[in-house]
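Asker: pasting the structure only:
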């Protein structure tokens, strides 16, 4: 065996473990999900696997629970993504203009991101508690009546968003802070010498230079927001009256409480399609701003 | 000018306090007796007690906390070791051994990182059920090694490391495997550390996979375990906060030690969840 064949063989051996894992648990699942979406596969029924064509998708179009879940997911994403971007950006700008204590602040703000969603939800459920939660405790001392944060239909979703902001804003602001620090100082100094004021510096220099990073943060957080699940399932159980049950929670319940794997797979694909549409819209929006 | 600086520092201190206050309150309240939890006169406990912790750690068939902790430690460390091993070997094969089709494979791997994770829940459940792996540690460990981020990140890193040192070792008669273990891996240590920390945190905090793939209470990892604990003891906040504090402490220690590395690599990779 010559040197090159041996090296090649070693290459295959080195690639093999990951390649296998990738094929079995990344590629194969996508194919299985594609197959399942066109099948009736109920774990509870006998004779459980049947090819049914597009019937799952036809059912999906008429499914009012799916429509409600999609509405809840969209409400969450529309509340969450802009407030996350704005607060993370504001925090990053604040951190960037600090000359002392910046690293400590950055660490403190990032810390909640280290928590599992289970612990995060326990903490916030406690804060939102009707009788002895922190928020109603403060309201009581201000002389107001207690508010049912999680069981009021108008307040439940914003309450979830506030928790999610606490959980994720630190990560996003750290990314934006790093991008801010990479802007060469001379651009800002040159513009300032030419008499640009703070507003002009921000809108004409800082923001355009941050566009690629901003796009990245918007896209990743949009993908994440559309997959909202434990945030709501742990804090409100999807209530009140299913108003905070998102698509992934509905998919989860369809698959693992009602054992309808085929229908659940079609829900997954529908959500994936919605995500692709939103991301493409953002892509074109960012391109237009650039021109 | 000076006035604005004071405003800025004041505002930022408020923001940081808002982020950190819930964590502090969790730890303080977990040391309060139940009566004080329900009638909070002050953030600090008047009568410090470890009763909540002894209650949590006492072995209970319906809520075996120490068992969940063991499961979490075992799962997260195994996932981390496997991801480090598989990804570094794959990156070495692609960037150094020039395995045929390696580049194409890498682009497929990178493209796969865009697929939203929710799509995998049902089919992976289906595959695991066929393998009879449901409700076993393998269900949490093996699928977690398939993610492409490690291979992507290490390939980028290896490409930036000069090959000259490795070539010198090859000249001296070292085998490819020997070069990988003795030269490449040490050279990639910073990237491996970052990948390891992120993988460990991700696996430790993963709530959805154990929720879906695990069935018996004793096989849960901490996130699902404490969610179950909270559901059964939800009126006893002292206890649930003690479970939360216990489950978070290992990560907080890790954060204290590796703070700079975690925050800075988070910034450069932008990876989360």
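Answerer: In hand now; what should we look at? All values derive from a computational prediction rather than experimental measurement.
Asker: next, residue A:41: secondary structure please.
Answerer: Under the three-state scheme (DSSP: H, G, I helix; E, B strand; the rest coil), residue A:41 adopts strand.
Asker: ignoring the adjacent residues along the chain, who's closest to it?
Answerer: Once flanking residues are discounted, residue A:41 sits nearest to residue A:262: 4.0 Å by Cβ to Cβ, 6 or more residues apart in numbering or on different chains. For every residue, glycine as well, the C-beta is placed using N, CA and C.
Asker: could you tell me how many residues sit around the one you found?
Answerer: Neighbour count for residue A:262, taken as other Cβ atoms under 10 Å in any protein chain shown: 24.
Asker: please state the offset of the one helix or strand it maps to from the chain centre?
Answerer: For residue A:262, the element it lies in under DSSP states H and E is helix A:261-290. Helix A:261-290 has its C-alpha centroid displaced from the chain centroid by 13 Å (Cα atoms, centre = their mean, to the nearest Å).
Asker: likewise stretch B:68-86?
Answerer: Computed by Cα atoms, centre = their mean, the chain-centroid distance of stretch B:68-86 equals 9 Å.
Asker: hmm, it touching chain A?
Answerer: Yes. With Cβ under 8 Å from any Cβ of the partner chain as the measure, stretch B:68-86 is seen reaching chain A through B:85-86.
Asker: avg pLDDT for that stretch?
Answerer: Stretch B:68-86 comes out with an average pLDDT of 96.
Asker: so which bits of the helix holding residue A:262 are buried?
Answerer: Neighbour-count burial for helix A:261-290, counted by 16 or more other Cβ atoms under 10 Å in any protein chain shown, picks out A:261-272, A:274-275, A:278-279.
Asker: now stretch B:150-157
Answerer: Buried-residue list, stretch B:150-157, by 16+ other Cβ under 10 Å: B:150-155, B:157.
Asker: among the residues you listed, which are in reach of chain A?
Answerer: residue B:151.
Asker: turn the buried residues of stretch B:150-157 into CSV, including distance to residue A:175 and secondary structure.
Answerer: Below are those laid out as CSV (distance: Cβ to Cβ, whole Å; DSSP: H, G, I helix; E, B strand; the rest coil):
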residue, distance to residue A:175, secondary structure
B:150, 20, helix
B:151, 22, helix
B:152, 17, helix
B:153, 16, helix
B:154, 21, helix
B:155, 22, helix
B:157, 19, helix
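Asker: just the buried residues of stretch B:150-157 now: which is nearest chain A?
Answerer: Distances from chain A to the buried residues of stretch B:150-157, taken as Cβ to the nearest Cβ, are shortest for residue B:151 (6.2 Å).
Asker: my guess is the residue nearest to residue A:41 meets residue A:40, correct?
Answerer: Yes. The pair residue A:262 / residue A:40 is scored as a contact, 5.1 Å apart, by Cβ atoms under 8 Å.
Asker: list residues touching both of these two?
Answerer: Shared contacts of residue A:262 and residue A:40, defined by Cβ atoms under 8 Å, 6 or more residues apart in numbering or on different chains, comprise A:52, A:56.
Asker: which residues sit in contact with residue B:261?
Answerer: B:193-194, B:197.
Asker: count of neighbours near residue A:48?
Answerer: With neighbours defined by other Cβ under 10 Å, the count for residue A:48 comes to 14.
Asker: what's the burial count for residue B:237?
Answerer: Applying other Cβ under 10 Å, we find 26 other residues in the vicinity of residue B:237.
Asker: residues contacting it?
Answerer: A:126, A:129, A:132, B:29, B:37-38.
Asker: how close does it sit to residue A:232?
Answerer: Residue B:237 sits at a distance of 21 Å from residue A:232 (criterion: Cβ to Cβ, to the nearest Å).
Asker: helix or strand for residue 126, which one?
Answerer: Here I'm looking at chain A. Residue A:126 is part of helix A:117-127 when elements are defined by DSSP H and E.
Asker: not what I meant, chain B
Answerer: According to DSSP H and E, residue B:126 maps onto helix B:121-130.
Asker: if I pick the residue nearest to residue A:41, what's in contact with it?
Answerer: A:36-42, A:52, A:56.
Asker: pLDDT at it, what is it?
Answerer: 93.
Asker: what residue ranges in the stretch 151-273 of chain B score low on pLDDT?
Answerer: Flagging of the stretch 151-273 of chain B using pLDDT under 70 yields the residue ranges B:268-273.
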